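Visitor: fold the stuff below for me.
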Amino acid sequence: MKKLLLILFITISAIQLRAQSGLKKGDTAPLFTATDNAGKTIDLKSILKDHKSIVLFFYRGQWCPYCNKYIQRLQDSLQLLTSKGAYVIGVTPETGENINKTINKTHASFSMIQDKGYKIMKSYDVNYVMDTELFTKYKNNGVDIEKNNGNTDHVLPVPATYIINKSGKLVFVHFDKDFRNRPSIKSLSAAL
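Guide: The predicted structure follows:
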């Protein structure tokens, strides 16, 4: 675990050089329709008709301890978030099998979407491609991105979080290329 954490820390500067800039507060959220891990159709436009807001977050994979910790915090606070009218959605490039591993680790009960062609990640400008050296470092430390994502693209998201209001605008943005940093539940709750 210490070895994995060390390699994760080393990659921060590499990610910062290649990552996108993400969307900004006040931007219109790109709409999408996708199928979640439970086979349910997730249509942002329809969800916003029935909920005050959407908490949309992007995570790297079940192998990322920072992602798992954040997802667990979201799950632990799900009642608070939903009591404020929020619907929570996670988006990841990992396969359905690995989404199930994430769910087993975090007990997440909200929708999780495999962004197989990166359409959602690209529309929110959070995608980046790992270079060969970084991919090799991860693999040598037990993280096989190709196996985890089910392809050879080496694409990951910056672990961003957005809150989308009923009118489809981004009212909260947390975009930090340092994957160790995630927004607090308190800040999410305040934005709802």
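
Visitor: contacts and neighbour counts: CA atoms only from here.
Guide: Will do.

Visitor: what's across from the residue most central in space within the chain in the sheet?
Guide: Centre of the chain computed as the mean C-alpha position; nearest residue by Cα atoms, centre = their mean is Phe58, 1.3 Å away. Per DSSP bridges, the residues bridged to Phe58 are Val91.

Visitor: relative to Thr136, how far out is it?
Guide: 23 Å (Cα to Cα, to the nearest Å).

Visitor: Leu74 too?
Guide: Leu74 sits 31 Å away from Thr136, going by Cα to Cα.

Visitor: higher neighbour count, these two?
Guide: For the pair Leu74 and Thr136, the greater number of neighbours falls to Leu74 (22 against 15), based on other Cα atoms under 10 Å.

Visitor: now the strands: where do they sit in this structure?
Guide: Assigned by DSSP state E, the strands in the chain fall at 33-35, 41-43, 53-58, 86-92, 111-114, 127-129, 155-157, 161-165, 170-174.

Visitor: of these, which approaches Ala191 most closely?
Guide: strand 170-174 (6.3 Å; Cα to Cα).

Visitor: identify the bridge partners of Phe172.
Guide: In beta-bridge terms (that is, DSSP bridges), Phe172 pairs with Ile163.

Visitor: ok, now which ones touch it?
Guide: Neighbour list for Phe172: Lys25, Thr161, Tyr162, Ile163, Ile164, Leu188, Ala191 [criterion: Cα atoms under 8 Å, 6 or more residues apart in numbering].

Visitor: residues near the residue lying closest to the third one once chain neighbours are set aside, how many?
Guide: The shortest distance from Tyr162 to any non-neighbouring residue, by Cα to Cα, 6 or more residues apart in numbering, is to Val173 (4.7 Å). If you count neighbours by other Cα under 10 Å, Val173 ends up with 22.

Visitor: tell me how far Val173 lies from Pro159.
Guide: 11 Å.

Visitor: what of Lys147?
Guide: Lys147 is 20 Å from Pro159, by Cα to Cα.

Visitor: comparing the two, which shows the higher neighbour count?
Guide: Remark: of Lys147 and Pro159, Pro159 carries more neighbours, 26 against 13, as counted by other Cα under 10 Å.
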